[in-house]
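Asker: predicted model, plus sequence, below.
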Amino acid sequence: MQFRQQALAKLQSPEELDLPVRFARPQGWLVLSVTVVVMAAASVWAVTGSVTSTVSAPAILTHGQGSYLLQSPVAGQVTAVLAEQGERLPANSPVLKVRTAQGETTVRTVAAGRVTALAATIGQIISTGANVAAVEKVAHAKDALYATVYVPAENAASIPDKAAVDLTISSVPTQEYGVLRGHVKSVDRSAQSAQQIAAFLGDNQLGEQFTKDGRPVAVLVKLDKESSTKSGYKWSSADGPPFDLTSMTLASGSIRLTDQRPVDWLLP
């Protein structure tokens, strides 16, 4: 009780009334200043800044016109295979011969291109309309490659013209050579079925693979050129891989979508 009386007497002493009252320590003012600066910077960024988002989807390297499945116009037995896988043929070139009840028929290419797969063998019995070969529509060996990215249909509307695209190529070590650069050339606004994709790529299995999660939209990507690299295309690394790229190589594409302002998230 004695100490309490002394404390009260000291507080009531007129000699203490002229002393300044300390509201905050210097450390507190520093924290307050930093907080104000951060809040001001965040406010400016919310108005003038933007958030970049991407969509990733499976892709494949092709020539611009795609491929087609060569079908037999007749039913019968294959007696000769006249083309080889990887061979480049002009239009109307013989691919195989089929013996029918009316005689022997030659199955020929519809358009010029490179044979990417042969499904028929000598002695095989085939029916009318059977797929006997896949032919990629390419006239010259140095025709430019493109990438087709099969994007979920709900993301198609948010893909801007000439959007930047990074492509991770399945046959290229990413950690060593980086990713392939490109830009969106066109967006097919209608979703594609497995049959449509198979007709374009000349491969039924790829049609099923690219539609396993639903019908996607095809996004055609033009690869950026770079004369100093072995492949002739631009990579995130300086030189890229020390070999050429080939069509029908699987990849994964990351497409940059339209930038969004963060302030829009706060608006009702």
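Answerer: Nice, thanks for sending it over.

Asker: quick one, strands of the stretch 51-200 of the chain?
Answerer: Secondary structure of the stretch 51-200 of the chain by DSSP state E, counting those that start in this stretch: the strands cover 54-63, 67-71, 76-81, 88-89, 94-100, 103-108, 113-118, 125-126, 131-136, 145-152, 164-169, 180-187.

Asker: packing partners of the first one?
Answerer: In this case it means strand 54-63. strand 145-152, helix 204-210, strand 216-223, strand 250-256 (3 or more C-beta pairs under 8 Å, 6 or more residues apart in numbering; DSSP states H and E). In this view, the C-beta of every residue, glycine as well, is placed from N, C-alpha and C.

Asker: turn those into CSV, including distance to residue 127 and mean neighbour count.
Answerer: What follows is the helices and strands packed on strand 54-63, written out as CSV (distance: least, C-beta to C-beta, whole Å; neighbours: other C-beta atoms under 10 Å):
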stretch, distance to residue 127, mean neighbour count
strand 145-152, 30, 22
helix 204-210, 16, 17
strand 216-223, 30, 22
strand 250-256, 30, 20
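
Asker: before we move on, the earlier item: relative to residue 199, which of the strands of the stretch 51-200 of the chain is closest?
Answerer: Across the strands of the stretch 51-200 of the chain, residue 199 has its closest neighbour in strand 67-71 (6.5 Å, C-beta to C-beta).

Asker: what mean pLDDT would you report for that closest one?
Answerer: Mean pLDDT, strand 67-71: 89.

Asker: returning to that earlier point: wait, which of the helices and strands packed on strand 54-63 is closest to residue 135?
Answerer: Nearest of the helices and strands packed on strand 54-63 (C-beta to C-beta): helix 204-210, 14.5 Å.

Asker: can you give the contact residues for the closest one?
Answerer: 58, 60, 69, 131, 150, 193-199, 201, 216 (C-beta atoms under 8 Å, 6 or more residues apart in numbering).

Asker: at 7 Å what do you get?
Answerer: By C-beta atoms under 7 Å, 6 or more residues apart in numbering, the surrounding residues in contact with helix 204-210 are 58, 60, 150, 194-195, 197-198, 201, 216.

Asker: how about the contacts made by residue 190?
Answerer: Going by C-beta under 7 Å, 6+ apart, the list of residues near residue 190 is empty.

Asker: could you rerun that using 10 Å?
Answerer: 153, 156, 196, 215, 217-218 (C-beta atoms under 10 Å, 6 or more residues apart in numbering).

Asker: grab the nearest non-local neighbour of residue 61.
Answerer: Closest residue to residue 61 apart from its sequence neighbours, by C-beta to C-beta, 6 or more residues apart in numbering: residue 249 at 4.5 Å.

Asker: ok so, going back, just the buried ones from the contacts of helix 204-210, in ChimeraX syntax?
Answerer: Typed into ChimeraX, the line below selects the buried ones among those, using 16 or more other C-beta atoms under 10 Å:
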select :58,60,150,194,197,198,201,216
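
Asker: got the contact list for the nearest residue to residue 232 once chain neighbours are set aside?
Answerer: Nearest residue to residue 232, sequence neighbours excluded (C-beta to C-beta, 6+ apart): residue 225, at 6.4 Å. By C-beta under 10 Å, 6+ apart, residue 225 lies in contact with 144, 181, 231-234.

Asker: next: residue 227.
Answerer: 233-234.

Asker: helix, strand or coil: sort out it for me.
Answerer: The three-state label given to residue 227 by DSSP: H, G, I helix; E, B strand; the rest coil is coil.

Asker: what's the burial count for the closest residue to residue 161 other than its chain neighbours?
Answerer: What sits nearest to residue 161 in space, not counting adjacent residues and going by C-beta to C-beta, 6+ apart, is residue 184, at 6.7 Å. For residue 184, the neighbour count with other C-beta atoms under 10 Å is 21.

Asker: good, wrapping up.
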